[in-house]
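# Can you look at this prediction? I've put the sequence above it.
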Amino acid sequence: MATSPKFKIEDLHVGIEGKEILKGINLEINGGEVHAIMGPNGTGKSTLASAIMGHPSYEVTKGHVYLDGEDILEMEVDERARKGLFLAMQYPSEISGVTNADFLRSAINARRGEGNEISIMRFMKQLDKTMEKLGMDESFASRYLNEGFSGGEKKRNEILQMMMLDPRIAILDEIDSGLDIDALKVVAEGVNSMRKPELGILIITHYQRLLNYIKPDYVHVIMQGRIVRSGGPELAERLEAEGYDWIKEELGIKDETVEQKA
Amino acid sequence: MAKQLPKLSEYQYGFRDKDVSVYRTGRGLSREVVEEISALKGEPDWMLEFRLKALEQFYKMPMPNSANSKWFSILPGDLSELDFDNITYYVKPSERQGRTWDEVPEEIKRTFDRLGIPEAEQKFLAGVSAQYESEVVYQSMQKDLEAQGVIFTDTDTAVKEYPELVKKYFGTVVPPTDNKFAALNSAVWSGGSFIYVPKGVKVEIPLQAYFRINSENMGQFERTLIIADEGSFVHYVEGCTAPIYSTSSLHSAVVEIIVKENARTRYTTIQNWSPNVYNLVTKRAVAERGAHMEWVDGNIGSKVTMKYPAVIMKGEGAKADILSIAVAGKGQHQDSGAKVIALAPNCTSTIVAKSIAKDGGKVTYRGVSSFGRNAAGSKSNVKCDTLILDNKSTSDTIPYNEIKNDDIVLEHEASVSKVSEDQLFYLMSRGLTEDEATQMIVMGFIEPFTKELPMEYAVEMNRLIKLEMEGSIG
């Protein structure tokens, strides 16, 4: 297997309940790169994340998404995951009665395949170490998956999963929302510790704040379901300082949204 | 195919009559049949009288339906296909050896294999051999129990060897008049367990019918009686997760438990009936002052199950905990629930009922929380959760409350949920297949139940649920 992933989104159109939300997204992410997609609420950021992972509510009407040359849109959600795609979700589900540790071990083993399961000792060691890095109390291992977790705890748990599953492409959907500054730093450190040529990262965020801690290589602005500006980290800084209005003015956009605001 | 006869010489504890003559009553029920059963067992007259009175009662009582039964006034289970004339009420154990391994359906064999059940046990469960060869384990356990004065035998033997105890308690908790099926059981009962735990004795290991199951125990009309004397403790475990392959269509058991002052009894059942069986069981316990009764009850399979473990809290400060799961698949109706009846002050009870319906299955929670005039300060908490796996399956919750005292607390929560698209998406996005994700959600749902099971049962239970859930989605 190639050590460095290649991820390519090609003219991606996505609709929900018949309404088109993404109108032709193009983006290439290579191993070792961190891309950030920014944009005001309701411009299609989270739709992009969910559609790439394959959420059944989203309908891809046109385009392709390739991971290492394979069109993942042809695959089931779990198959995408086993190919190395990971989505840290904005609103992860709660699963009662299933402990975090049991879940994680099942997920790791699903990727490793039958006959190649991780040993319990090795798993526990790795879990302890990773939870410590993220400042998570060890009781999290035996708590039920996301049940009763605060917003911040859920976000940490998503990053824990990412670190344990060691994906090839990780999409982080608004992982900064609901985090206080200390938690944000811990989460960012966790993500930074993962940066390597074998991993490409796509960060989706509303605020520039997170990007102070995870320095992106590329920044893209999404409006009306399209990427309307791309640049380096300086683009994010300008957005932080001036907001989105200058882009709207330059492009002559009055309403940047395509979907209902949350 | 060699016909394997029970090894009678090994039955030191007399599980059943040592007469191995082949005998079965014909189909249908009559006074003669009951007399024959009693005579074959060599029972004392008082038991024959008890049986005959019960038979009269059985004839007198109508089939429970919405018109004649308050309990079943809403959405009763369908018993219309149950034909009492087409049932064999007693078959001597030796006769049951007629089945050969080749006759056992492939599906059942496959399930045994996938549950990892040893071959000897498979044969027993399928009714090919009369006993599961675990005599050694059982005998060493029996020695320890005897030293503590604990009696653990089958009920037929108890009638002969401990007549005073049996006479004193038999039929006192569930009288034949209780319901038509209790009357039927009282008339034709055979097998079941008898347990007496003396004052202050705490039985450390769970008493498992598993260790001494033989075909008599697994009969259609077993009768279990447990007496936990003051300050004692016992945990009884019956059944197993393997499918109980039965060619007979009616299982109607009665379980009576007396929990004396400050004693505690836990009764754990997991039953996985084959889908032709009507499983109509009356289970009831009486808890005296400060006593604690726990029912842990798992119902899987069968055609129709009607089973409502009950606790009558008779003495002040008595406690009842009832935890149940029911899984209904295609063509199955699990009509189950719980009854807690507080007759004394400061009694507390909790009911947790978890139901799963899939492939068009039907689950009904039917329960009662009752507070008598003297139940001041009593509390009851009822929680019913249902998980529905597809649009074809249904669930109903039918709680009855009877409150005759103002100073009580009754809480009732009910929830019905579906395996949500988002939950599946979440788990699948981590690499689990849809089936694996569904299994995980279902196992999480029943975790409050599985965690109460002895380890080996919990493992079996999880395997069984995995099997049950395979391919049930999508």
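Received it, and whenever you're ready, just let me know what you need.
# all helices for chain A, in order.
A:45-53, A:77-82, A:100-112, A:120-133, A:151-165, A:181-194, A:233-242, A:245-251 (DSSP state H).
# Pick the most deeply packed of those.
Among these, the stretch with the highest mean neighbour count (mean count of other C-beta atoms under 10 Å in any protein chain shown) is helix A:45-53, at a mean of 24. (Glycine included, C-beta is placed from N, CA and C.)
# shaky segments in chain B?
B:1-26, B:91-101, B:103-105, B:107-108, B:111-112, B:114-140, B:209-219, B:240-248, B:471-474 (pLDDT under 70).
# Give me every residue in chain B lying close to chain A.
Within chain B, the positions near chain A by C-beta under 8 Å from any C-beta of the partner chain are B:420-423, B:425-434, B:436-437, B:440-441, B:443-448.
# Now go through the residues you listed and say which are in helices.
Going by DSSP H, the helices hold B:421-423, B:425-428, B:434, B:436-437, B:440-441, B:443-445, B:447-448 from the residues of chain B next to chain A.
# What number of residues are in the vicinity of residue 205?
In the absence of a named chain, chain A is used. 23 (other C-beta atoms under 10 Å in any protein chain shown).
# look at chain B instead
For B:Ile205, the neighbour count with other C-beta under 10 Å is 12.
# Next one: it from B:Met141, what distance?
Using C-beta to C-beta, to the nearest Å, B:Ile205 is found at 7 Å from B:Met141.
# With B:Leu250 instead?
Taking C-beta to C-beta, one finds B:Leu250 at 32 Å from B:Met141.
# Among these two, which residue is more densely surrounded?
B:Leu250 (22 against 18).
# from memory the more buried one sits against B:Ile87, does it?
Yes: in terms of C-beta atoms under 8 Å, B:Leu250 counts as a neighbour of B:Ile87; the distance is 5.3 Å.
# Now do the contacts for the closest residue to chain A within the stretch 251-400 of chain B.
Nearest to chain A in the stretch 251-400 of chain B, going by C-beta to the nearest C-beta, is B:Asp385, at a distance of 9.3 Å. B:Asp385 is in contact with B:Val352, B:Ala353, B:Lys354, B:Ser355, B:Ala414, B:Ser415, B:Val416, B:Ser417, B:Phe445, counting by C-beta atoms under 8 Å, 6 or more residues apart in numbering or on different chains.
# try 7 Å this time
B:Lys354, B:Ser415 (C-beta atoms under 7 Å, 6 or more residues apart in numbering or on different chains).
# In chain A, which residue sits closest to chain B?
Closest point on chain A to chain B, by C-beta to the nearest C-beta, is A:Gly97, at 3.0 Å.
# B:Gly444 is in contact with that residue, correct?
Yes: with contact defined as C-beta atoms under 7 Å, A:Gly97 reaches B:Gly444; the gap is 3.0 Å.
# Write out the residues of the stretch 151-262 of chain A neighbouring chain B.
Taking C-beta under 7 Å from any C-beta of the partner chain as the measure of proximity, the stretch 151-262 of chain A contacts chain B at A:Gln161, A:Leu165.
# ok, now with 10 Å
For the stretch 151-262 of chain A, the contact set with chain B under C-beta under 10 Å from any C-beta of the partner chain comprises A:Gln161, A:Met162, A:Met164, A:Leu165, A:Pro167.
# How many residues are close by the last one?
What it means is A:Pro167. A:Pro167 has 26 nearby residues by other C-beta under 10 Å.
# Which pLDDT does the model give it?
pLDDT recorded at A:Pro167 is 97.
# any weak-confidence spans in the stretch 151-262 of chain A?
A:259-262.
# Also the stretch 1-150 of chain A?
Along the stretch 1-150 of chain A, segments meeting pLDDT under 70 span A:1-2.
# which residues in it form strands?
Using DSSP state E, counting those that start in this stretch, the strands of the stretch 1-150 of chain A run over A:6-16, A:19-30, A:34-38, A:59-67, A:70-71, A:85-88.
# start to end distance for stretch B:257-264?
One end of stretch B:257-264 sits 11 Å from the other (C-alpha to C-alpha, to the nearest Å).
# Would you mind measuring from the one residue sitting closest to the centre of chain B to B:Thr305?
What sits nearest the mean C-alpha location of chain B, by C-alpha atoms, centre = their mean, is B:Thr269, with 5.4 Å. From B:Thr269 across to B:Thr305, the span is 11 Å (C-beta to C-beta).
# what is in contact with those two at once?
Shared contacts of B:Thr269 and B:Thr305, defined by C-beta atoms under 10 Å, 6 or more residues apart in numbering or on different chains, are found at B:Val281, B:Asn299.
# Settle this for me: A:Leu87 is touching A:Ile72, isn't it.
No: assessed by C-beta atoms under 10 Å, A:Leu87 is found out of contact with A:Ile72, at 11.9 Å.
# Give me the more crowded residue out of these two.
Neighbours were tallied for A:Leu87 and for A:Ile72 using other C-beta under 10 Å; the higher tally belongs to A:Leu87 (30 against 23).
# need the contact list for that one.
A:49-50, A:52-55, A:77, A:80-81, A:158, A:161-162, A:167, A:169-173, A:202, A:204, B:425-426, B:429-430.
# again with B:Asn185
Residues counted as contacts of B:Asn185 (C-beta under 10 Å, 6+ apart) are B:54, B:58, B:174, B:176, B:178-179, B:192, B:220-223, B:251-255, B:280-282.
# returning to what we had before: could you dump the helices of chain A to a markdown table with distance to B:Val150?
Shown next, in a markdown table, are the helices of chain A (distance: least, C-beta to C-beta, whole Å):
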| stretch | distance to B:Val150 |
| --- | --- |
| helix A:45-53 | 58 |
| helix A:77-82 | 52 |
| helix A:100-112 | 37 |
| helix A:120-133 | 38 |
| helix A:151-165 | 48 |
| helix A:181-194 | 57 |
| helix A:233-242 | 75 |
| helix A:245-251 | 82 |
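# quick one: which of those helices is nearest A:Glu17?
helix A:45-53 (11.9 Å; C-beta to C-beta).
# Do the closest one and chain B come into contact?
Yes: Helix A:45-53 comes into contact with chain B (C-beta under 10 Å from any C-beta), by way of A:Ser50, A:Met53.
# Give me the contact list for stretch A:234-245.
A:36, A:38-40, A:43, A:205, A:207-212, A:215-216, A:218-221, A:223, A:228-229, A:231, A:246-247, A:253, A:256.
# Inside strands: which ones of these?
Within the contacts of stretch A:234-245, residues falling in strands by DSSP state E are A:Ala36, A:Met38, A:Thr205, A:Tyr218, A:Val219, A:His220, A:Val221, A:Met223, A:Val228, A:Arg229, A:Gly231.
# closest to A:Ala101 among these?
Relative to A:Ala101, and with distances defined as C-beta to C-beta, the nearest of the ones in strands among the contacts of stretch A:234-245 is A:Thr205, at 29.3 Å.
# Residues in a beta bridge with that closest one, which ones?
Counting by DSSP bridges, A:Thr205 is bridged to A:Met38.
# quick one: it and A:His35 touch, right?
No: assessed by C-beta under 10 Å, A:Thr205 is found out of contact with A:His35, at 11.2 Å.
# Now for those two: what residues contact both?
A:Pro216, A:Val219.
# which residues of chain B fall in helices?
B:31-40, B:45-60, B:106-115, B:119-125, B:135-148, B:155-161, B:163-169, B:180-188, B:421-428, B:434-445, B:447-450, B:455-469.
# what's the burial count for A:Val65?
26.
# next one: A:Lys23
Around A:Lys23 there are 17 residues (other C-beta under 10 Å).
# now swap in B:Glu421 and tell me
B:Glu421: 12 neighbours (other C-beta under 10 Å).
# How about A:Ser139?
A:Ser139: 9 neighbours (other C-beta under 10 Å).
# Run through the residues that contact it.
So A:Ser139 contacts A:Asn100, A:Met131 (C-beta under 10 Å, 6+ apart).
# roughly how far apart are the residue lying closest to B:Gln271 once chain neighbours are set aside and A:Pro56?
Residue nearest to B:Gln271 in three dimensions, not counting chain neighbours: B:Gly239, with 4.5 Å by C-beta to C-beta, 6 or more residues apart in numbering or on different chains. Remark: distance between B:Gly239 and A:Pro56 (C-beta to C-beta) = 39 Å.
# Great, nothing more from me.
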